[in-house]
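> the sequence isn't on hand, but the structure is:
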């Protein structure tokens, strides 16, 4: 679907993106991760043709990225904003038409989307009269109204309450089911783990890591165990306890993976009244911090 | 509809529906008429009567009465001493007290140095001026007497000269029409100045608003920044044009209403035209006919066509620069300093016009009517006097080139500026933006 090769972008002396390569498959939800200032927005702006890369190329469906592709891309920028003194319906119609829809088609789509988000009664209200959450929904509609095949969402859940977040999540998944590819840019890892299949992590303009989320998690697995017991564990030979926490009447231990295999570890901790036993999962958040710092 | 068309339509339609636009469009001509006529009307109103007590020991003033606003009340010098007179003036509540002492040895210059005007507080300039003028006049008379010249002779030999200036250019023997030409030149140049200022700053405000609403990024992901900028400039330009046309229409309507009500029916245009043919001699003396005749000497078609060209060209050039400034700042208050390089040539042009109207073929007027940032105003001021065709052509060509260059530079700054937030850029940084690649 989308292939970026050797993409670089400089602003004067500042290196925003350097030799960046990525491939995104059709119909996937792709996570573009990185701390603030890593180069995510620069890459997104190149995809949206707001700026052009200094080097490298972008291909969309095998074609070199060009002006006509603007209509195939939907973009929800991190900087949210609409014309406050324009009516909701009028505004969506205007933005849809700028994306190349005919008047009739745009009218139909505006109606559909407003109904889907139960905003029909606000169509004639000025944007400035809406609550923040509702305005965010209008903003989301504005970025997908032309039903693009590539949707770029930059921090899409900022400013949403949990109920609206869930609604937007469902919409993203629905759009993907209908065949859209979603690029999801964020520095909030919890939402990434829920939605993305594949990720790329960039830092200081360079790619640090990319691949399937499940593979990355496997790769960065520590092999440590988390066990909960009713009684405190005494000193057990060959067992290295990294961390011990006490929650009311239960004890939680983080045990370093070492020569002990799962079988013999279980045998040793069973007498202390084993409550639960699990392998420590690699959290994207920790991988992210680890890599970003290195 | 193309994207540019959609943007123009939005910029135009959201503004044309605004209450402030409708009110300004309807009230504009009335406000302007009030601004033009109010000072003249106020000047005709009688002011407060100011009575000045005068103790004229030299009998210099010859019991001058004063004017409608300033009355002089004379006290007999043989009955009043200075202090008494001053006291009397206070008791009467007179405006001021004028004391003209006895001249030493009849020397008129002594009086010029020793006359005193007393008042609790400041004296109005008009009063001071009046009294000084009168004193000068009477002292001069005294001096003439000393020199043995009869002031009556001076008065009798005073002469007023009104030379008749005939323009012999092109064999067209027309009466001098300088004043009318100056009027047309000034009004045309001033209209361009006004519209560039009003609508240029509206463009700038619009861009700042879009930046503040954070809608820029969404917009430029759908359309090119250049389209967004030009759409705004052209949409607001159409608004300016609409307002201008309405103002002219309303102005003419007001003029016709005013002339039919306030000016005697014999001066109505129809009769005037009829009389002009049959009764040339009698009409030639009326000022209305003089203006009407001087208008015949002006090439209106070229003035009007040039006006349209300079109006649009000047507006587009300055509009692009205003848009660039708007894109560079986040707040309107930050724009003050940035807008200075744009307003200076505009204000300078307005000052040059005053000289250009007096000497339309001078070097100053010529060069300023060639330089694109000042040519829309200065050339319009020169045009009614007649300008060589090549000068007009070069000036128009330079303006067109400057417009292309200005828009190119503005678009470069705009493209970077609209996505920059936070720090107010310096001119050096803006200059660097111009050299950024896409």
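Done, it's in. Only a predicted model underlies this, so the values are computations on that prediction, with no experimental measurement involved. Numbering: from 1, shown residues only, chains lettered A, B, ... in the order given.

> and the strands in chain A, which stretches?
For chain A, strands defined by DSSP state E occupy the ranges A:2-11, A:14-24, A:29-33, A:55-60, A:63-64, A:73-76, A:150-154, A:181-186, A:198-203, A:206-212, A:225-229, A:241-247, A:250-255, A:274-279.

> ugh, wrong one, I meant the stretch 301-438 of chain B
In the stretch 301-438 of chain B, no segments count as strands under DSSP state E, counting those that start in this stretch.

> what of the stretch 1-150 of chain B?
For the stretch 1-150 of chain B, applying DSSP E, counting those that start in this stretch gives strands covering B:50-56, B:70-74, B:96-100, B:116-118.

> in chain A, which residue sits nearest chain B?
Closest residue of chain A to chain B, C-beta to the nearest C-beta: residue A:81 (3.0 Å). (Glycine included, C-beta is placed from N, CA and C.)

> okay, now the residue in the stretch 251-400 of chain B positioned nearest to chain A: neighbour count?
Proximity of the stretch 251-400 of chain B to chain A (C-beta to the nearest C-beta) peaks at residue B:330, 12.3 Å away. Using other C-beta atoms under 10 Å in any protein chain shown, residue B:330 is surrounded by 16 other residues.

> what of residue B:337?
If we define neighbours as other C-beta under 10 Å, then residue B:337 has 12 of them.

> from residue B:201, how far out is it?
From residue B:337 across to residue B:201, the span is 15 Å (C-beta to C-beta, to the nearest Å).

> repeat for residue A:241
When residue A:241 is compared with residue B:201 (using C-beta to C-beta), they lie 71 Å apart.

> more neighbours, these two?
More crowded of residue A:241 and residue B:201, by other C-beta under 10 Å: residue B:201, with 19 against 13.

> the more buried one contacts residue B:323, doesn't it?
No: between residue B:201 and residue B:323 there is no contact under C-beta atoms under 8 Å: 10.9 Å.

> chain B contacts on the stretch 101-250 of chain A?
The stretch 101-250 of chain A comes close to chain B at residues A:139, A:142-143, as judged by C-beta under 8 Å from any C-beta of the partner chain.

> which among these gets closest to residue A:26?
Residue A:26 has its nearest neighbour among those in residue A:143, at 19.3 Å by C-beta to C-beta.

> near chain A, which residues of the stretch 1-150 of chain B?
So far as C-beta under 8 Å from any C-beta goes, the stretch 1-150 of chain B lies against chain A at B:1, B:3, B:6-7, B:10, B:14.

> can you pull out the helices in chain A?
Taking DSSP state H as the criterion, chain A contains helices spanning A:40-47, A:88-98, A:103-116, A:132-144, A:162-177, A:189-195, A:213-219, A:262-269, A:284-293.

> so, low pLDDT: which residues of the stretch 301-438 of chain B?
B:437-438 (pLDDT under 70).

> any idea of the pLDDT on residue 197?
All of this is about chain A. Note on residue A:197: pLDDT of 87.

> not quite, I wanted chain B
pLDDT at residue B:197 comes out at 90.

> next up, the contacts around it.
The neighbours of residue B:197, taking C-beta atoms under 8 Å, 6 or more residues apart in numbering or on different chains as the test, are B:343, B:346.

> what residues sit buried inside the strand or helix carrying it?
Counting by DSSP states H and E, the element that carries residue B:197 is helix B:178-212. By 16 or more other C-beta atoms under 10 Å in any protein chain shown, the buried positions in helix B:178-212 come out as B:180-182, B:184-186, B:188-189, B:191-193, B:195-197, B:199-204, B:206-208, B:210-211.

> and for stretch A:232-248?
Neighbour-count burial for stretch A:232-248 flags A:233, A:239 (criterion: 16+ other C-beta under 10 Å).

> cool, stretch B:245-260 as well?
Across stretch B:245-260, burial judged by 16+ other C-beta under 10 Å covers B:247, B:250.

> cool, stretch B:234-245 as well?
For stretch B:234-245, burial by neighbour count (16+ other C-beta under 10 Å) applies to B:234-241, B:243-244.

> quick one: the strands in the stretch 151-300 of chain B?
For the stretch 151-300 of chain B, the strands defined by DSSP E, counting those that start in this stretch occupy B:166-167, B:174-175.

> what's the least confident stretch among these?
When I compare the strands of the stretch 151-300 of chain B, strand B:174-175 is least confident, with a mean of 54.

> surely residue B:12 meets residue B:238?
Yes: at 5.2 Å, residue B:12 counts as touching residue B:238 under the criterion of C-beta under 8 Å.

> if we ignore the residues flanking it in sequence, what's nearest residue 231?
Picking chain A for this. By the measure of C-beta to C-beta, 6 or more residues apart in numbering or on different chains, the closest residue to residue A:231 outside its immediate chain neighbours is residue A:272, 4.7 Å from it.

> hmm, no, I was thinking of chain B.
In this structure, residue B:231 finds its nearest non-sequential neighbour in residue B:7, 2.7 Å apart by C-beta to C-beta, 6+ apart.

> separation between that neighbour and residue B:13?
11 Å.

> residue in the stretch 201-350 of chain B nearest to chain A?
Relative to chain A, the nearest point of the stretch 201-350 of chain B is residue B:214 (3.0 Å; C-beta to the nearest C-beta).

> look at that residue and say how many residues are nearby.
So residue B:214, with other C-beta under 10 Å, has 15 neighbours.

> wait, it touches residue A:83, no?
No: here residue B:214 lies out of contact with residue A:83, judged by C-beta under 8 Å, at a distance of 10.8 Å.

> neighbours around residue 10, how many?
Picked chain A for this. 17.

> oops, wrong one, chain B.
Quick note: residue B:10 (other C-beta under 10 Å) scores 20 neighbours.

> the closest residue to it other than its chain neighbours and residue A:135, how far apart?
Leaving aside its chain neighbours, residue B:10 sits nearest to residue A:94 (5.9 Å; criterion: C-beta to C-beta, 6+ apart). Separation of residue A:94 from residue A:135 (C-beta to C-beta) stands at 16 Å.

> one more: residue A:141?
Residue A:141 is 11 Å from residue A:135, where distance means C-beta to C-beta.

> more neighbours: those two, which one.
Legend: neighbour count by other C-beta under 10 Å for residue A:141 and residue A:135, higher for residue A:141 (24 against 20).

> ok, that one - contacts?
So residue A:141 contacts A:92, A:113-114, A:117, A:119 (C-beta under 8 Å, 6+ apart).

> give me the neighbour count for residue B:117.
Residues lying near residue B:117 (other C-beta under 10 Å) number 16.

> I figured it was touching residue B:96, is that so?
Yes: in this structure, residue B:117 is within contact of residue B:96 by C-beta under 8 Å, at 5.6 Å.

> touching both of the two, which residues are there?
With C-beta under 8 Å, 6+ apart as the test, residue B:117 and residue B:96 both reach B:52, B:123.

> which parts of the stretch 201-350 of chain B sit against chain A?
So the stretch 201-350 of chain B meets chain A at B:210, B:213-223 (C-beta under 8 Å from any C-beta).
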